[in-house]
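> okay, structure incoming, though there's no sequence with it:
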C-alpha cells in the first residue's frame, strides 16, 4: 500500500473584517473612554436657538387660557408656541396617537407640555417659559386603575381610559393545580433612569424640510410620527442618530423631537 503525503498549506488564510467568532470594536468605545464622545446635548451650531418647555404643574386640570405676552416681551426670545402652532396632527403616539404635542383644554399628568420657547440663550428660554401664564381649573386626579375602569370615571382620553382589553384562557388551572392562590397584587411604577438628557438639534434645510440629530432608539418610528405632526412628507424629515447616553427602552417614545423641529 502506498500513501500520498499531505500537502502543507503554503498560503495564509484570507483575513476578512468581522464575521462569526470575531470580536467587533464598538465605534463609540474609544471616544467615550477618552471623554471625547459627543452626546446629543453636546451638539452646537453657530447662531442656534435654545428651547425650553412649559409643563403642567398639576396632574389633572382644565386649561381656560394661556397668556404668552410676558414671555414674548423678554429680550432674546424669538418664538413662543402653543398647540395652535402645531402645523399638522396635534396628537402623536407609537401604538396609538393619543398624546398631545402641546396640551390644550386639559392636562392629564404633571409635566405634560403646554408651550415651548425658542431663545438665543438657554437661561433666557427658561425664564420665558416661567413667564407664561396658564389659567387652570384644577381637578381631582384619577390615580386608581380600578376606579378608572368604572362607568362613571372621568375619561382622560378621547378613546377612554382602557388602552386595550385582552382575555387569554389556556387550560383549567383551577382543576389541575394542587393549590389555588387568589389575591390582588400591586407593583410600583418602573421607568428607565438613563443619564443622558432628552436632547437634540433640529436644522432647517432651507427647502421646507428638517434634519434632526437626536438620541433615540427608533429612527423610522420617530420620523413617521414627526412627519404627521409637522405636515411634511416623510422624505422631508431626516433623522440622524446622535450620541446616546443610555436608553434601556426609555427612548422609544417621542419626547422633544416635535418641539425641536417646530
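Thanks, I have it. Since this is a predicted model, take the numbers as computed values, not measurements.

> and residue 214, what does it touch?
Shown in contact with residue 214 (CB atoms under 8 Å, 6 or more residues apart in numbering): 40, 200, 201, 222, 239, 240, 241, 242, 257, 260. Yep, even glycine has a C-beta here, placed from its N, CA and C like the rest.

> what about the helices in the protein?
For the chain, applying DSSP state H gives helices covering 29-33, 69-72, 122-131, 145-148, 173-176, 219-230, 257-261.

> export the ones you listed as CSV, with columns for mean pLDDT.
Formatted as CSV, these follow (pLDDT from 0 to 100):
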stretch, mean pLDDT
helix 29-33, 88
helix 69-72, 98
helix 122-131, 98
helix 145-148, 91
helix 173-176, 82
helix 219-230, 96
helix 257-261, 97
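
> which among those helices is found nearest to residue 195?
Closest to residue 195 of the helices of the chain, according to CB to CB: helix 29-33, at 12.0 Å.

> pick the most buried one from the helices of the chain.
Of all the helices of the chain, helix 257-261 has the most neighbours on average by mean count of other CB atoms under 10 Å, namely a mean of 24.

> and the contacts of that helix?
51, 53, 86, 92, 101-102, 113, 116, 200-202, 210, 212, 214, 216, 222, 225-226, 229-230, 237.

> picking that back up, would you turn the helices of the chain into JSON lines with distance to residue 59?
What follows is the helices of the chain, written out as JSON lines (distance: least, CB to CB, whole Å):
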{"stretch": "helix 29-33", "distance to residue 59": "38"}
{"stretch": "helix 69-72", "distance to residue 59": "24"}
{"stretch": "helix 122-131", "distance to residue 59": "19"}
{"stretch": "helix 145-148", "distance to residue 59": "13"}
{"stretch": "helix 173-176", "distance to residue 59": "38"}
{"stretch": "helix 219-230", "distance to residue 59": "24"}
{"stretch": "helix 257-261", "distance to residue 59": "21"}
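
> in strands only, show me the contacts of helix 257-261.
51, 53, 92, 113, 116, 200, 201, 202, 210, 212, 214, 237 (DSSP state E).

> ok, so of those residues, who is nearest residue 26?
Of all the ones in strands among the contacts of helix 257-261, residue 26 sits closest to residue 214, with 20.1 Å by CB to CB.

> roughly how far apart are residue 121 and residue 230?
26 Å (CB to CB, to the nearest Å).

> try residue 52
Between residue 52 and residue 230 the distance, using CB to CB, works out to 20 Å.

> ranges for the strands of the stretch 51-200 of the chain?
Assigned by DSSP state E, counting those that start in this stretch, the strands in the stretch 51-200 of the chain fall at 61-67, 77-81, 91-92, 99-100, 106-107, 113-119, 133-138, 200-204.

> which one of these is the most hemmed in?
strand 113-119 (a mean of 24).

> strand 61-67 and that strand, what's the angle between them?
Orientation check (axes from the mean of the first three to the mean of the last three CA atoms, to 10 degrees): strand 113-119 against strand 61-67 gives 30 degrees.
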